[in-house]
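> Model the following, please.
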Amino acid sequence: MDPVNLFDLAAQQARWLSVRQNAIAGNVANANTPGYRTNDIEPFEKVLDRSRVAMASTQTGHLTGGATEAGYAIRPEDPKHAVLPSDNTVAVEEELMKAGEVRRSFELNTAIVKAFHRMIMLSTKA
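Okay, here's the model as predicted:
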């Protein structure tokens, strides 16, 4: 049985969320570091725009195509608020809101995968 594309998509989003959570944690850890610039990664929607769904060839004459690997690079973020006198751009409140978004996204991702898994298990029982 071939893996279902939804599981691959959920795994890709989980990896993206993990990298984003790491960037946010680094921002909070450096909240008092002079000259530190906040970091974030590009939105997951842009990552999906760069990747494509792979088609599987079942016959020798079929065209083959592979999904592109999307890297999740941590990039400096433009400050959306006033820069502190120490030239630090971290706003702890904003970073905590981002961390909450990541937590909710992890929970949604897990709930979708559980529901899809349950649906597949129910369809195989019949």
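> residues of whichever strand or helix holds G100 that come out buried?
G100 is part of helix 92-125, with elements assigned from DSSP states H and E. By neighbour count on 16 or more other CB atoms under 10 Å, the buried set for helix 92-125 is 94-95, 98-99, 102, 105, 109, 113. C-beta here means a position set from N, CA and C on the backbone, and glycine is covered the same way.
> And for stretch 16-30?
16-17, 20-21, 23-24, 27, 30.
> closest to P85 among these?
N30 (15.9 Å; CB to CB).
> Spatially nearest residue to A91 (excluding sequence neighbours)?
Spatial nearest neighbour of A91, chain neighbours left out: H81 (5.3 Å); criterion: CB to CB, 6 or more residues apart in numbering.
> quick one: which of the buried residues of stretch 16-30 is nearest to F44?
W16 (5.2 Å).
> how close does that closest one sit to E93?
23 Å (CB to CB, to the nearest Å).
> avg pLDDT for stretch 12-20?
Per-region confidence: stretch 12-20 scores 92 on mean pLDDT.
> And stretch 23-31, by the same measure?
The model assigns stretch 23-31 a mean pLDDT of 93.
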